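K.L.:
test case, fold it:
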Amino acid sequence: MKDTLYIWIFGSLLSVVWGENLYELLQSRSDLSQFADLVTKDELVLTLLKFRQGTLFAPTNDAIQMHRGPKDSNFLLYHLSNVALTLDKLEQSVTSELPGNPPLWVTRRKIPESEDFEHFINNAKVIEADVKGTTQSQEQQVLHIIDEALESTVPVNKDSSLSNPDALRLLEKANAFGLSGMQVTDFFQRIIATDRTKIFSTPGGSTFFIPVNKGFETVSREKVDSKVVDGHVVPGAVIFTRASIPGRPIKTLTFGDNIKVTLAMNNDSIPGSPGGYQPSVQSNTRSGDYNHPKGVVISSIVKANIPVKNGVVHLIEKPLVVIDKDMVNFLKEERNGRLQEFYKVVKDYAPDFMEEITRAGELTLFAPSNDAFINADQDILSRLLANSEKLREVLQLHLVRRRVSSDDIELRTVVEVDTADRHRKLYFNAIGQLSNRTLTVEGGGVNATIVQGDIAALNGLVHIVDKILGIPSASMLDKILSDPMMSDSATLGSQSGFNLRLGDTNRKYTYFVPSNDAWLKIQRNHASTHKKLFMGGFGYQSEQALEHHLLIGRGMKIADLEELFQNSKSDRTQIQMLRGRLNLRVEKTQGDYYIERDGIRARVIRPDVQCTNGVIHVIDEVLIHPRDVSVSSSCIRELSVLASIFSSVLAFRSL
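P.N.:
Numbers count the residues shown, from 1 in each chain. Got it, this is the predicted structure:
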């Protein structure tokens, strides 16, 4: 009995000293049982996990089930390193135990809005780290749990001479690595022809984007010169898709004094694709020359995350940097991609618009994303598609007959521009810090964000936006409260009950809203009138002033007003406003519209801001005279006395 007790105590002490080895750690975890079963059947790996120091990156059961490749000894060895490394000891790469000792690439990425970091091994995320084990000989072991099985790059015929290939060797022997379904010979030949082979065999860690042969069907091979080849390589950074920061530009080898090309990776929303998203990469030629014009080229990643000795390879659908398609062919190319909903609408409901964007010359198209159509009010969208004239107006609102780049918007060299819809303009803004600007475009009362800018076509630029312009989603009240250009009118309307009616979506309104600059003119030229309106004590007078600007019962666009004026057969026509009549005169001078009321001539600086319950026209003058704001001097004196008393009370209470 005593002997049994001593043996049990001694065994317990050994367990405390030695701890569990990697195999025992695997067996103790139900979420790693499938990987443990594979190890149990492999004598070599089982021995390594029991008796030798090392680091194991163990995929969860879910990760094993998702893995479609072989689950043999090589698969297991690729998850194992012969050095015990906790998370803080991991450097850029870790040597695996797979024959040829190919590296496992490590990415340490800061979590947004947090001080913490997350770690990736190749494309797998570490979800639990630093589970420590010990062999019986006191050698240290470390277990990290990952959410995706690691896929190695091994030759199909297990030719040992091809173990641990670099990027050049992979391209040279693509068929031997099972890439026969995605031929890359065209790009490989351009690498040789431009004498860039050394780039793809240089040791270190880089990211290589390789277009497949199909992408050369519409691209002249001669356009893929040394600058273009270098524009497919990110030196000194190994970027797997999940570990990338979406949209973050990174310098390529083509980043010199004359030509500057960056690359950025994204996940594009594409209905019908696995998970609803498709990884892509975009090149941005920020500075170019005649043979390498500025602009963005986007290519889908058709096979991602192929690890190689000197980094990672991604196969892409077409060459980057090279601008080879006009706007129509770009949209056709996107018929199953990030603009498939927009393409479907244009193709099925507005073929004339497709013809319009084939015109020569510089165009800029603001194309709504797939999400823009998915998130739009489906009832409004259905009615729009059933009305070809209205649909054409909306589509023309998205088209500008000149080139407008992101730099133009960001640097404020273009703040507004005419559209193909002759009555409406687009208005641009840049929000945020210079290093992290959000670019917006407003058209027809809808403010959209440019989610992908400067996609280059032979006849212009395409910007992808997150909303459909001209399909309103905000009431008139929501619009004036959120628009900085109308904030003074919103403030004035809040002093009484005037603003409340603007939230009524059961009625239609036409509202000529004075801009902030219009009110500033009143302050400069009629200071006492401005003071009466904005001092806060005369809500009736404030409401009275705004009622001269509001028409109830109809939402009239500028074209409706123009038609009404022309049909009047007079130099003026009267419109009954909420207060008084507007002696309307509408004229178009050098592309701008003007209206008149009682001798006051105002320019419509933003026509047709459409809302769910009407139309706003922002004007540069206030359509009232000082005599329209009548406040007796006794009222002002009474208000001043009350203000003085109130100030005295506050002063007394502070003592």
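
K.L.:
need the strands for the stretch 301-450 of the chain, in chain order.
P.N.:
Using DSSP state E, counting those that start in this stretch, the strands assigned to the stretch 301-450 of the chain run over residues 311-316, 363-368, 399-400, 416-418, 425-431, 438-443, 446-457.

K.L.:
just send those back as JSON lines, with mean pLDDT too.
P.N.:
Below are the strands of the stretch 301-450 of the chain laid out as JSON lines (pLDDT from 0 to 100):
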{"stretch": "strand 311-316", "mean pLDDT": "97"}
{"stretch": "strand 363-368", "mean pLDDT": "95"}
{"stretch": "strand 399-400", "mean pLDDT": "94"}
{"stretch": "strand 416-418", "mean pLDDT": "90"}
{"stretch": "strand 425-431", "mean pLDDT": "88"}
{"stretch": "strand 438-443", "mean pLDDT": "91"}
{"stretch": "strand 446-457", "mean pLDDT": "92"}
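
K.L.:
end to end on stretch 37-57, go ahead and measure it.
P.N.:
By Cα to Cα, to the nearest Å, the extent of stretch 37-57 from end to end equals 15 Å.

K.L.:
chain center to that stretch: distance?
P.N.:
Distance of stretch 37-57 from its chain centroid, counting by Cα atoms, centre = their mean, to the nearest Å, is 44 Å.

K.L.:
pLDDT (mean, whole number) over it?
P.N.:
In this model, stretch 37-57 carries a mean pLDDT of 95.

K.L.:
tell me the buried residues in that stretch?
P.N.:
Buried positions in stretch 37-57, judged by neighbour count with 16 or more other Cβ atoms under 10 Å: 38-39, 42, 45-46, 48-50, 52-57. Bear in mind the C-beta positions are built from the backbone N, C-alpha and C, glycine included.

K.L.:
report the two of those residues separated the most.
P.N.:
Within those, Leu38 and Gln53 form the most distant pair, 21.1 Å apart (Cβ to Cβ).

K.L.:
quick one: Lys71 and Gln65 touch, right?
P.N.:
No - between Lys71 and Gln65 there is no contact under Cβ atoms under 8 Å: 10.7 Å.

K.L.:
who has more neighbours out of those two?
P.N.:
Each of Lys71 and Gln65 has its neighbours counted (other Cβ atoms under 10 Å); Lys71 has more, 17 against 11.

K.L.:
the more buried one: which element?
P.N.:
In the assignment (DSSP states H and E), Lys71 maps to no helix and no strand.

K.L.:
can you classify the closest residue to it other than its chain neighbours as helix, strand or coil?
P.N.:
Spatial nearest neighbour of Lys71, chain neighbours left out: Leu38 (5.7 Å); criterion: Cβ to Cβ, 6 or more residues apart in numbering. Secondary structure state of Leu38, per DSSP: H, G, I helix; E, B strand; the rest coil, is helix.

K.L.:
what about Leu38, distance to Leu143?
P.N.:
The gap separating Leu38 from Leu143 is 15 Å, by Cβ to Cβ, to the nearest Å.

K.L.:
cool, Thr47 as well?
P.N.:
Thr47 is 17 Å from Leu143, where distance means Cβ to Cβ.

K.L.:
for the residue nearest to Lys71, list the residues it contacts.
P.N.:
Neighbour list for Leu38: 64, 71, 75-76 [criterion: Cβ atoms under 8 Å, 6 or more residues apart in numbering].

K.L.:
try it again at 10 Å.
P.N.:
The contact partners of Leu38, by Cβ atoms under 10 Å, 6 or more residues apart in numbering, come to 26, 45-46, 64, 71-73, 75-76, 79.

K.L.:
so what's in contact with Lys71 and Gln65 at the same time?
P.N.:
Joint contacts of Lys71 and Gln65 (Cβ under 10 Å, 6+ apart) are 34, 149.

K.L.:
re earlier: just the buried residues of stretch 37-57: which are in strands?
P.N.:
If you go by DSSP state E, the buried residues of stretch 37-57 have 54-57 in strands.

K.L.:
ok, those vs Ser300, which is closest?
P.N.:
Closest to Ser300, out of all of these and judged by Cβ to Cβ, is Phe57, at 28.8 Å.

K.L.:
alright, calling it a day.
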